[in-house]
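Predicted model follows, preceded by the sequence.
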There are 2 protein chains.
Amino acid sequence: MTANKAWTLASYPSGWVTEANFRLIESPAPSPKDGEVLVKNLWLSLDPYMRGRMSQQKSYVKGVEVGEVMTGETAGEVVESRHAGFKAGDKVTAPSGWQLYCCLKGELLTKVDASKAPLSYFLGCLGMPGRTAYFGMKEICAPKPGDTVVVSAASGAVGSVVGQLAKAWGCRAVGIAGGKEKCGYAVKELGFDACVDYKAGNLFDGLKAACPNGVDAYFENVGGEILDTVLRLMNLRSRITICGLISDYNAAEPYGVKMFRSILVNRIKMQGMIVFDWFERYPEANQALLELVVAGKLKYRESVLEGIENAPKGLIGLLKGQNFGKQLIKLA
Amino acid sequence: MTANKAWTLASYPSGWVTEANFRLIESPAPSPKDGEVLVKNLWLSLDPYMRGRMSQQKSYVKGVEVGEVMTGETAGEVVESRHAGFKAGDKVTAPSGWQLYCCLKGELLTKVDASKAPLSYFLGCLGMPGRTAYFGMKEICAPKPGDTVVVSAASGAVGSVVGQLAKAWGCRAVGIAGGKEKCGYAVKELGFDACVDYKAGNLFDGLKAACPNGVDAYFENVGGEILDTVLRLMNLRSRITICGLISDYNAAEPYGVKMFRSILVNRIKMQGMIVFDWFERYPEANQALLELVVAGKLKYRESVLEGIENAPKGLIGLLKGQNFGKQLIKLA
């Protein structure tokens, strides 16, 4: 009998997440019922939204209950299928949660073509983060060629795709990231026109120099003081995609955004987003992103920790901005 | 020779406006040159945006310089015309500023039909505030029948039109205003379904009770804590028109808005507006609003001070929320 390992939620964090908020459970791997598929997970994606699930506050969807397996998406291989659409050996992405094995209804799985890109990419630039960047850019930021597009968390899973889409669509791409290494990577590896280090001390002056014509579109992953700073540089009729507010997720009290006046005076359009809203258009995004990867125009970096035991550590590091690239756990 | 009186800006206020920020100047009334029209102003409109003009901060348009006549719109009568489109006796609205007489190019004047509504209405529900309500509602709040629409400064020149448009369009209209009298007026005279007194102590509970199905559209005239409170009640995919932030205009430091999380989680669309952006569509708004006035579906209250000498006092009272209805100065 195959052994499963799963991380469950042990307690709700107040403030920063700690390893004590999780509990590792071992049990036999389950067997699929009719219509189900048993997946062996090879990669677990760690994402900032997970902090929101470790909470009883109202959010997009219900949070994780204490004792339940932590929410998460995996990429893996079908071991046994009792669903007509899948057979052993198929590569899939799945909402398995933080565990090695999972039985899911076939309808919840997405078959992926791992011949064109590494399997793990389907959790990143070709998965949820990539689609998030695509729809947030296309439907809210809506940049025209020549526009200046700014994105925070520029070296992250979503931000790196945002900047490369901006370049592919003829825009000036300016990133915000923490530290010289991430900023250098955004410019040298990903092709951003500039990337400003918010840890260096003067974000406003740095951004102003990097955006001589102001900011036409801003893709926000961070919130807080960074949002307030970018608001000072937004142009008339500019757009802001509110995709994430990671700076608030662990704060005892959310940051108060002071530059609302810019929204009024510049007639800024600001909109919150969650990628699920475009579920029916996922194939459009998947194809556009895959074409860019195949053409070498969408580069991608992963930050990999080995072994399911490291999942809590990986999430904590991600929430503190310690990862560099899409955070993954290699499960096997 | 006719004597003109004009209020000029004497100094920029820091914080609250005081009467010392203005200076009353007397001079002979000017004579029109070719293409110009001499207007005798009968009504001066006082509006919150004027606080923004008394500043050197970047805004929609250049601020008033010290020594210049204060910006403002008037309704009046043509005394002498050297423009083919106007003749003596015509009723017009004009960007005259705070003064009794003004010579302006004919192109800057708007002829109005004062047979269908009182002349002063063309500075209020049939003028800039009415059009602001119309386009902010139609183009950003975009309510569907059955939606709950909330508006702050509900008894004011813009807010009172917003609420009555909401009713005319089949929505639930809920106001926020300061004091029992204004709230009673919004419900009993204007037909709002409810109006919550923010001075009564618990705005959140009051609004929650008044909006049992949450808030689908919010028309913001005030900002600050009121915005933070309404954000807690916004529904999924709701809309917010940022039309004014009067609570910030006199604050030494702007209020920090904490509830950004609601924008993200609820995928709220928020947009700043200024009515000039729809200049080409003014006739559409003018006609729709006039039809509602004539049909008795758009009621309107004025707060009138007599004499140009009272203009600074009128603006100061307006900025402190002491007016009740559209603030006007009766000039003659």
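Now that the structure is in, tell me what you want to look at.

any idea whether the residue positioned nearest the centre of chain A is helix, strand or coil?
By CA atoms, centre = their mean, chain A has its centre lying nearest to residue A:129, at 4.1 Å. What DSSP: H, G, I helix; E, B strand; the rest coil gives for residue A:129 is helix.

OK, contacts around the closest residue to it other than its chain neighbours?
Spatial nearest neighbour of residue A:129, excluding adjacent residues (CB to CB, 6 or more residues apart in numbering or on different chains): residue A:157 at 3.7 Å. For glycine as for every other residue, the C-beta is placed from the backbone atoms N, C-alpha and C. Residues in contact with residue A:157, defined by CB atoms under 8 Å, 6 or more residues apart in numbering or on different chains, are A:47, A:124-125, A:129-130, A:325-327.

Can you flag the buried ones in these?
A:47, A:124-125, A:129-130, A:325-327 (16 or more other CB atoms under 10 Å in any protein chain shown).

residue contacts, residue A:236?
For residue A:236, the contact set (CB under 8 Å, 6+ apart) comprises A:266-267.

Got the domain ranges for chain A?
Listed domain ranges for chain A are A:3-124+A:301-330, A:128-276 (source: automatic domain parsing).

I'd like those written out as CSV, with mean pLDDT added.
Listed next are the domains of chain A as CSV, based on pLDDT from 0 to 100:
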stretch, mean pLDDT
domain A:3-124+A:301-330, 94
domain A:128-276, 95
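
Highest mean neighbour count out of those domains?
The highest average neighbour count among the domains of chain A, using mean count of other CB atoms under 10 Å in any protein chain shown, belongs to domain A:128-276 at a mean of 22.

Report the separation between the two terminal residues of that domain.
With CA to CA, to the nearest Å applied, domain A:128-276 spans 9 Å between its terminal residues.

chain center to that domain: distance?
Put simply, domain A:128-276 sits 14 Å off its chain's centre (CA atoms, centre = their mean, to the nearest Å).

Can you name the residue of chain A nearest chain B?
Of all residues in chain A, residue A:256 sits closest to chain B, at 1.8 Å by CB to the nearest CB.

can you redo the domains of chain A as a markdown table with distance to residue B:92?
Output for those, formatted as a markdown table (distance: least, CB to CB, whole Å):
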| stretch | distance to residue B:92 |
| --- | --- |
| domain A:3-124+A:301-330 | 53 |
| domain A:128-276 | 28 |
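
What parts of chain A come near chain B?
Residues of chain A found near chain B (CB under 8 Å from any CB of the partner chain) are A:58-60, A:223, A:227, A:242-245, A:248, A:253-261, A:263-274, A:277.

ok so, going back, can you tell me which of the contacts of residue A:157 are in helices?
Using DSSP state H, the members of the contacts of residue A:157 that fall in helices are A:129-130.

Greatest separation within the contacts of residue A:157: which pair is it?
For those, the farthest-apart pair by CB to CB is A:130 and A:327; their separation is 14.7 Å.

on that earlier part again, would you agree the residue nearest to the centre of chain A is in contact with residue A:161?
Yes - assessed by CB atoms under 8 Å, residue A:129 is found in contact with residue A:161 at 6.6 Å.

so residue A:79 sits right up against residue A:42, yeah?
No - checked against CB under 8 Å, the pair residue A:79 and residue A:42 is beyond contact range at 11.3 Å.

Between these two, which contacts overlap?
Common neighbours of residue A:79 and residue A:42 (CB under 8 Å, 6+ apart) do not exist.

Tell me which residues are up against stretch A:189-198.
Contacts of stretch A:189-198 (CB under 8 Å, 6+ apart): A:154-155, A:160, A:163-164, A:167, A:172-180, A:182-184, A:186-187, A:203, A:206-207, A:210, A:226, A:299, A:301.

thinking again about what came up before, let me see the contact set for the residue of chain A closest to chain B.
Counted by CB under 8 Å, 6+ apart, residue A:256 has contacts B:255-258.

How about residue A:72?
By CB under 8 Å, 6+ apart, residue A:72 lies in contact with A:44-47, A:50, A:95-98.

One more pass at 6 Å, please.
Contacts here follow CB atoms under 6 Å, 6 or more residues apart in numbering or on different chains; on that basis residue A:72 touches A:44, A:97-98.

Same check on residue A:177?
So residue A:177 contacts A:154-155, A:183, A:186, A:195 (CB under 6 Å, 6+ apart).

Check the spacing between it and residue B:6 real quick.
Residue A:177 is 54 Å from residue B:6, where distance means CB to CB, to the nearest Å.

for residue A:64, same thing?
For residue A:64 relative to residue B:6 (CB to CB), the value is 67 Å.

Residue A:46 too?
With CB to CB as the criterion, residue A:46 and residue B:6 are 66 Å apart.

same thing with residue A:80?
With CB to CB as the criterion, residue A:80 and residue B:6 are 87 Å apart.

Whichever strand or helix holds residue A:218 pairs with which strands, parallel or anti?
Here residue A:218 sits within strand A:215-220, counting by DSSP states H and E. The sheet places strand A:215-220 alongside strand A:148-152 (parallel), strand A:234-242 (parallel), with pairing taken from DSSP bridges.

out of the ones you listed, nearest to residue A:119?
Between residue A:119 and the strands paired with strand A:215-220, the tightest spacing by CB to CB is seen for strand A:148-152, at 26.1 Å.

for the stretch 51-200 of chain A, what spans make up the helices?
Per DSSP state H, counting those that start in this stretch, the stretch 51-200 of chain A carries helices over the ranges A:128-135, A:157-168, A:180-188.
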